[in-house]
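1. sequence first, then the predicted structure:
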Amino acid sequence: MEDNDLERQFTPRKGPSKVARDFVKENFPHNDSMYSEERHYSKGNFASVIALSVNNANILTDESLEDIFKLNDEILNITVDRGQLGFSQLCAKAYGRCVVNDILEILRPNANTTDISYPIHIHRSRPVFLGSVLGGVTADVNGSVTSARALRLTYFLEEREDVNEVAKLWLRSFKKLLLAETGSKHIQVSYYTSKSKQEEIEKHTTDGFPLFLITYALAVTFSVISCLRLDNVRNKVWVAVIGVLSTGLAVVSSFGLMLYIGVPFVITVANSPFLILGIGLNNMCIMVANWQNTNVKDTVPTRMAHSYKEAAMSITITSLTDVLKFIIGVTSDFPSVQSFCLYTSASIIFCYIYTITFFGAFLALNGKREAGNRHWLTCMKVPSEGPEGCSGMYSVCCVGGDYDRQTGTEKVQPASNFFKNYYGPALVKPWVKGVMIVLYAAYLAASVYGCLHVQQGIELYDLAEDNSHVVAYHNKDRQYFSDYGPNIMVVVTKEFPYWDKTKRSQLQSCMDDFKKLPFVDEDLYTSWLDLYLFYGKKTHLNLDDKDVFLRNLSSFLDLAPYLKQDLKIREGAIHSSRSFIQSIHIANASMEIEMLKGLKSTARRCTAAPLLVYHQAFIFYDQYAVIISSTIKNVGVITAVMLVVSLLLIPNPLCSLWVTYSISSVIVGVTGFMALWDVTLDSISMIIFTVCIGFTVDFSAHVAYAFVSSKKPSADEKMVDALFCLGYPILQGALSTILGVAVLSTSAFHIFRTFFKVIFLVMVIGLVHGLAFIPVFLTLFTCSSDKKKTVLNASKL
């Protein structure tokens, strides 16, 4: 069951603007016969085009305008339902006529318009707002337009249920027309409809599937190479293949279960398989590494017991913490995050089960083959040493079963020898530890600097494909029309005595506070009350008298029918009313955040009457209020859970604290470097934050557990031993995860590229912590004198 509804999935479930919308919807319902865009509580049905001059010059030249008029005629001539219904039948109406683009009437050659004032132009004795119609405007000292870079046309359709389906057909025909538009000699056109964002998301939900197939092939290749051995008996090619297959089966099983029980599939869930592939390969590497450390002369059950004794605990710790963190993520305010966490937690459970059962069973079968000294490909018995006089090719292809005669284990791989003989001994040298501490301090400084510059919020067109018409339209909208933002409702939510001069003055003072805000134009303000007071002054009415105020109100509203939609009058009282303010200079998400906070703060400070502010875009702006708090809450709760789990499963409290500290350290690093890599904090990157915590536990917990379990006498020797046992598997796991998401960097979708960037940062920073910073801290700040107790606890686990 797919569910990619933008509002439902990518906005907070109980956002305050949804409550505000419900109030507006109940008290100020749509008037289908008197359409007014700013008075709508929803986006409605519409189509829009932005026209630019081909040479980025003035769009108001005769040549450009001729092409615009031609395009407008083609749009108005679009018909559906076998040519029976066109724009004139489906258009939104006011005063019995279609709501049209006034700018075209103003600009027609026969309109005799000499000067166009901006942003308000008087046309047919009424004001027309041009701030959202003309973009990149240059005006003279008198406010008259001398040139403009862009022009926007919007076509509003009715929203009645009986015409909704036909309206969708008209919008599709509009899209086809603009797609087929090869362009004119003088203008470039970008287009958009009220359905565009949703259609783009739904169209591309499964576009990640080819990327996953490529990733899966790369994962198989990487696993085979990493498990490839020159010894024909010790070769573990099939183990690698089954490890990848096991992970794939976990994804299929979990997705099937979630879809069966009705958990919606959201586009964010498409990232989960890439993540699970990395987790599964990491588990496989840990299992194989521990198998290789067992005595080859032991029976298969004995070798399996030793392997599970060491590997199962590490895998259990990481799987348990991963599942717990995703279960906590289910409490998120964002349904898209909830779905991702449900799918991923189920995948991790299946991945764990399949690793210790299906993959473990195959590992035992492979061990039985090795015990019989059989060839990895033919399963035929082969000699452990080549007979005298045999050719070199025979020795390469038909001989195997060698092992380390001193330890009885398989021969150590070169990468593991590197950690044992070179990297580990170098890391425990005092001067190297000093260098690591200095590097860690520099890392923290850079991370904190980045954290101070984090940007939050998601541009919803980022959910569309890069070359989508949605992105092209919104880029031009941001570039040319950011001078004027949303027209915002300021609603008085309770009954108010507007005729009381003192209280009215207090209310108008509150409205003046809104006008003083830096992102509000104090001159662009629509108020039924101000207009009514002006009307009363002209007609010599004493509107300070209640009876006079209420008795003459209906006569005034008959002169201005639009304003009837701004009051709720019942039983001789005004129960609620609204005015409008015009926002300015809203060019990016940061300005949206500042605007929303400022408006709500100003509304709360008003003591004259309870106020709320609303615009349909605020439904999506609500994410800004909860992203930071939700992220901090999730990080805090999950870190606490990780500490408890570590204390229970790692037999050394100090090591458990260092594992928990590494979580915080990596989170700070990932947050800071995200900002430096131009990744904003939004509902998508917040998902990855949850992932981030799990991976930090994976690396640090493996090393800490191996450090505690080591039987070496000193802390330095313990660390060398831990790096020897797990350094290479951890490196394999990190590289396999990076490989798993690397293909996403080439995606045309922002959501996939963001996933790659954050996971890449998590892997690199987590790997440096697991193999460099945490080992140094463990040797410096842990005590190894209580060796016997530690070994005893480890053996019990």
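-> The structure has been received and is ready for your questions.

2. tell me the helix or strand right after the lengthiest strand in the chain.
-> The longest strand of the chain (DSSP state E) is strand 573-584. Per DSSP states H and E, the first helix or strand lying C-terminal to strand 573-584 is helix 589-605.

3. just the element for Trp170, please.
-> Here Trp170, judged by DSSP H and E, is contained in helix 164-180.

4. hmm, back to that, the longest strand of the chain: partners in the sheet, and parallel or antiparallel?
-> Here strand 573-584 is paired, per DSSP bridges, with strand 484-492 (antiparallel), strand 520-527 (antiparallel), strand 567-570 (antiparallel).

5. in it, what's buried?
-> Neighbour-count burial for strand 573-584, counted by 16 or more other C-beta atoms under 10 Å, picks out Ile574, Ser576, Ser577, Arg578, Ser579, Phe580, Ile581, Gln582, Ser583, Ile584. Quick note: C-beta positions are derived from backbone N, CA and C, even for glycine.

6. rounded mean pLDDT for that strand, please.
-> Per-residue pLDDT over strand 573-584 has a mean of 93.

7. tell me what angle it forms with helix 589-605.
-> 150 degrees (axes from the mean of the first three to the mean of the last three C-alpha atoms, to 10 degrees).

8. contacts for strand 573-584 next, please.
-> Strand 573-584 is contacted from outside by 23-24, 27-28, 38, 129, 131, 483-496, 498, 511, 514-515, 519-521, 524-529, 566-569, 595, using C-beta atoms under 8 Å, 6 or more residues apart in numbering.

9. what about dumping the CA coordinates of it to PDB?
-> C-alpha atoms of strand 573-584 as PDB (Å, rounded to 0.1, in the frame of the first residue of the first chain):
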ATOM      1  CA  ALA A 573     -22.700  39.100  17.300                       C
ATOM      2  CA  ILE A 574     -19.400  38.800  15.400                       C
ATOM      3  CA  HIS A 575     -17.900  35.500  16.600                       C
ATOM      4  CA  SER A 576     -14.800  35.700  14.600                       C
ATOM      5  CA  SER A 577     -13.200  37.800  11.900                       C
ATOM      6  CA  ARG A 578     -10.000  38.000   9.900                       C
ATOM      7  CA  SER A 579      -7.700  40.500   8.300                       C
ATOM      8  CA  PHE A 580      -4.700  40.000   5.900                       C
ATOM      9  CA  ILE A 581      -1.100  41.100   6.000                       C
ATOM     10  CA  GLN A 582       1.500  40.800   3.200                       C
ATOM     11  CA  SER A 583       4.800  39.100   3.900                       C
ATOM     12  CA  ILE A 584       8.000  40.200   2.000                       C
END
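
10. quick one, helices of the stretch 201-350 of the chain?
-> Taking DSSP state H, counting those that start in this stretch, the helices of the stretch 201-350 of the chain run over residues 208-227, 237-260, 272-292, 300-329, 335-354.

11. so what does the longest one touch, helix or strand wise?
-> Read it as helix 300-329. helix 272-292, helix 335-354, helix 360-371, helix 623-649, helix 683-709 (3 or more C-beta pairs under 8 Å, 6 or more residues apart in numbering; DSSP states H and E).

12. export the ones you listed to JSON lines and append columns for distance to Val776.
-> Shown next, in JSON lines, are those (distance: least, C-beta to C-beta, whole Å):
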{"stretch": "helix 272-292", "distance to Val776": "22"}
{"stretch": "helix 335-354", "distance to Val776": "30"}
{"stretch": "helix 360-371", "distance to Val776": "34"}
{"stretch": "helix 623-649", "distance to Val776": "19"}
{"stretch": "helix 683-709", "distance to Val776": "11"}
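
13. Ile122 is nearest to which of those?
-> With C-beta to C-beta as the criterion, Ile122 lies closest to helix 623-649 of these, at 37.6 Å.

14. what residues sit buried inside the closest one?
-> Buried, per 16+ other C-beta under 10 Å, within helix 623-649: 623-627, 630-631, 634-635, 638-639, 641-643, 645-647, 649.

15. any idea how far the nearest residue to Val520 once chain neighbours are set aside lies from Cys510?
-> Residue nearest to Val520 in three dimensions, not counting chain neighbours: Ile581, with 5.2 Å by C-beta to C-beta, 6 or more residues apart in numbering. Distance from Ile581 to Cys510, counting by C-beta to C-beta, to the nearest Å: 12 Å.

16. before we move on, back to that, strand partners (parallel or antiparallel) of the helix or strand following the helix holding Trp170?
-> Counting by DSSP H and E, the next helix or strand C-terminal to helix 164-180 is strand 187-193. Here strand 187-193 is paired, per DSSP bridges, with strand 45-53 (antiparallel).

17. what does the partner strand contact?
-> Strand 45-53 is contacted from outside by 59, 61, 64, 67-68, 71, 75, 92, 135, 149-159, 164, 167, 171, 174, 178, 186-194, 473, 476-477, 480-481, using C-beta under 8 Å, 6+ apart.
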